[in-house]
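1. quick one: sequence and predicted model below, then my questions.
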Amino acid sequence: MKKILFSVLGIVLLFVAVLLYFLKSDSSNPYQDTAWGRFSGTCASEEAPKDNFGKNFKGCDYSVPASEIPVFQNAKLSFSNTFDNKKSLPLMASAMIDVDNDGVDEVFLSGGVTEQDQLFHYNSGTFKKSTYNIPHKPENTTTYGAVSFDLDSDGKTDLLLAGDYGVLWYKNTGSSFTSHKIEISFDDKSVPVALSLADIDRDGDADMFVSSYIKLDKMEGQTIFKDSNYGASSLLLLNDGNSKFTDATAEYGLSYVHNTFSGVFVDIDNDGFMDLVVAHDTGEVRTYKNENGSQFKMKRNPTTGKFAYPMGIAVGDYNNDGNIDFFFSNTGSSVPSFLARGDLDKEDIFNSDWILLRNDGKFNFTDVAKETKTADFEFSWGAIFEDFNLDGKQDLVVAENYVDFPPHKLFKLPGRFMIQRPDGTFAAVEDQANVINKNYGITPLSSDFNQDGYPDLVFANLSGSAKVHLNKGGTANYISFRFPETAQYAGSRMTVVKNDGTTLTDTYIIGEGLASDQTSTLSFGLGNENTVKSVSLHLPNGETKEIQNPKVNALNQI
């Protein structure tokens, strides 16, 4: 009997040991040279084992020279979200917004259900609570999503918020915000969690896509894929011209029931009409073509008919071919496949990898996550593309850690900061860059707070303190453009042609990341070059403008 008990105990202990090893090793870089093993210290520690080049090694990717890795220093921002999983969905809102038109963004962060949302102003390396009055949200509610946008085109940027209360418009008066509820009818299962705006019908005002998730008290599970009646209904709202909206979801072919974390309006095929990309949790990525402003038609992509957990969306032309590409977060290696598959049948195709859809033009996409070395990482949330070292190639930052996933209370993920190499692959260098974030990040955000041209980094953290990292910069040149946050410009695509003929492309959209909104400034790294050949602006109405005499190493106002 003792032998049997000891055998059972041994099996249990072995299982626990294997499980703990799996969970602990999940945070390791899957693309490291594993011949060197793992080390528990930091990449820069003196006692770390050396590689053949005399460099320290801990799974840090040294294929990127240290001179090309931007290094950040922490800045003070006193804000901590308190998450209550019995009262709120596991999301929080964040946005960059220039409330006073001084060219420097403020940071909006939402609090937990018992906390108020707050706005922070940058000043000489620190962030302080803004003197702008933020209205108190309705009692016992949580703000899940936010975007900055000048909804009434009066020259002052407003906030639009999504939460348990519906959708609120915080109108910027010039010294404070006043709260106005946007009248929208949601069904009894759906709560709005994220917003994107653009002029989809070219009538001169901004229309809205509202991503919705099932209400907390109606949630039945987190791995339900195949129940077509389970989930929330997202909405497409047409602006009536007076900042009031009409539900046009069915009219435009977008009626569906499925939990949706985020969606963005962006011109995928460069035809001058704003298309729509939607991330369906426990589902697929949906790509919709805007048919001349009158309807959206779903187009196939590499995720169509397959199953995954796409959540956050990063938007940018990572390979500089003039077409806008898309990255999507996923459960990754953190959740064993047999658990993540939920109610899927054996024959159903399930993908837990991160997804990077290269836009090949005319709504043709290729998932290049494997070849770009971005596929095999861990559970992730929001993500952004940004050129942090100003070398002309967009880098990728991804927020990680799930507050309701027990393993992430023991073994927290670092959050990934990935520099793009010259060959188009990405290297995870968050340790070297000094931007590790283990505070349950919902999304990264980026803006140039200290106006040195180098993008800085913010993590909106659902549990624990928000983190701000100021880029220490370098000697690279850049050119940047700040857009008015209006329907005329939302969705604009900008192309910079360098003197050698190579092009850099990016797009100004509303809603990149996860339940968040980025800066309205587009920055292009020029490396050693201090002039450009040309800059062209492609507006959402189909018009193209040449920017005359743009200033390098300066912020150009559009």
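-> Great, that's in hand. Numbers count the residues shown, from 1 in each chain.

2. for the residue lying closest to N389 once chain neighbours are set aside, grab the count of nearby residues.
-> Residue nearest to N389 in three dimensions, not counting chain neighbours: P70, with 4.7 Å by C-beta to C-beta, 6 or more residues apart in numbering. The way it works is simple: take the backbone N, C-alpha and C, and place the C-beta from them, glycine included. Neighbours of P70 under the rule other C-beta atoms under 10 Å: 27.

3. any idea how far P70 is from V147?
-> Per C-beta to C-beta, to the nearest Å, P70 is found 27 Å from V147.

4. again with Y132
-> Y132 is 17 Å from V147, by C-beta to C-beta.

5. okay, the two: which has more neighbours?
-> Counted by other C-beta under 10 Å, Y132 and V147 do not tie: V147 has more neighbours, with 30 against 19.

6. can you list the weak-confidence ranges in this protein?
-> 1-25, 33-62 (pLDDT under 70).

7. what segments of it are helices?
-> 2-25, 337-340, 407-410, 430-433 (DSSP state H).

8. returning to that earlier point: quick one: the residue nearest to N389 from D267, how far?
-> Distance, P70 to D267, by C-beta to C-beta: 30 Å.

9. before we move on, what about L357?
-> From L357 to D267 the distance is 15 Å (C-beta to C-beta).

10. count of residues packed around H136?
-> 9.

11. so how far is L339 from D317?
-> For D317 relative to L339 (C-beta to C-beta), the value is 36 Å.

12. so those two - more neighbours on which side?
-> Legend: neighbour count by other C-beta under 10 Å for D317 and L339, higher for D317 (21 against 9).

13. hmm, R358 and that one touching each other?
-> No - applying C-beta atoms under 8 Å as the test, D317 and R358 come out as separate, 9.9 Å apart.

14. which neighbours do the two share?
-> Common contact partners of D317 and R358 (C-beta atoms under 8 Å, 6 or more residues apart in numbering): 323, 325.

15. what count of nearby residues applies to E347?
-> Based on other C-beta under 10 Å, the number of other residues close to E347 is 5.

16. now do the same contact list for the residue lying closest to S175 once chain neighbours are set aside.
-> Nearest non-adjacent residue to S175, counting by C-beta to C-beta, 6+ apart: Y132, 7.0 Å away. Y132 sits next to 99-100, 106, 119, 175-177 when contact means C-beta under 8 Å, 6+ apart.

17. swap in F273?
-> F273 neighbours (C-beta under 8 Å, 6+ apart): 200, 202, 267, 290-293, 540.

18. in ChimeraX, select just the buried ones from those residues.
-> Selection of buried members from those for ChimeraX, criterion 16 or more other C-beta atoms under 10 Å:
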select :200,202,267,290,540
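
19. identify the farthest-apart pair in the contacts of F273.
-> Between any two of the contacts of F273, the greatest separation by C-beta to C-beta is 15.5 Å, found for E291 and P540.

20. number of residues surrounding the residue lying closest to F261 once chain neighbours are set aside?
-> Leaving aside its sequence neighbours, F261 sits nearest to M311 (C-beta to C-beta, 6+ apart; 4.5 Å). Residues near M311, counting by other C-beta under 10 Å, number 26.

21. now swap in the one 10 residues further on and tell me
-> A count of neighbours around D321, defined by other C-beta under 10 Å, yields 14.

22. residue contacts, it?
-> D321 sits next to 359, 505 when contact means C-beta under 8 Å, 6+ apart.

23. distance of it relative to S492?
-> Distance, D321 to S492, using C-beta to C-beta: 18 Å.

24. now swap in N528 and tell me
-> 28 Å.

25. the two: which has the busier surroundings?
-> Set N528 next to S492 and count neighbours by other C-beta under 10 Å: S492 wins out with 23 against 8.

26. for the nearest residue to the more buried one once chain neighbours are set aside, grab phi and psi.
-> Among residues not flanking S492 along the chain, Y508 sits closest, at 4.9 Å (C-beta to C-beta, 6+ apart). Dihedral angles phi and psi of Y508 (degrees, to the nearest 10) take the values phi -90, psi 110.

27. which positions in stretch 447-464 come out as buried?
-> For stretch 447-464, a neighbour-count test (16+ other C-beta under 10 Å) marks 447-450, 453-464 as buried.

28. and what of stretch 322-330?
-> Result for stretch 322-330 [16+ other C-beta under 10 Å]: buried residues 323-330.

29. ditto for stretch 251-264
-> For stretch 251-264, by 16+ other C-beta under 10 Å, it's 252-254, 256-264.

30. from the residues you listed, which land in strands?
-> 260-264 (DSSP state E).

31. just those residues now: which is nearest V113?
-> Nearest member of these to V113, counting by C-beta to C-beta, is F261, at 19.3 Å.

32. how near is K438 to K409?
-> For K438, the distance to K409 equals 11 Å [C-beta to C-beta].

33. ok, N74 next?
-> Counting by C-beta to C-beta, the gap from N74 to K409 is 23 Å.

34. now swap in Y454 and tell me
-> 34 Å.

35. how about N29?
-> 22 Å.

36. between those two, which one's more packed in?
-> Applying other C-beta under 10 Å to N29 and K409 shows that N29 carries more neighbours, namely 22 against 13.

37. check contacts around the closest residue to T223 other than its chain neighbours.
-> Spatial nearest neighbour of T223, excluding adjacent residues (C-beta to C-beta, 6+ apart): G342 at 2.7 Å. Contact partners of G342, counting by C-beta under 8 Å, 6+ apart, are 221-225, 282.
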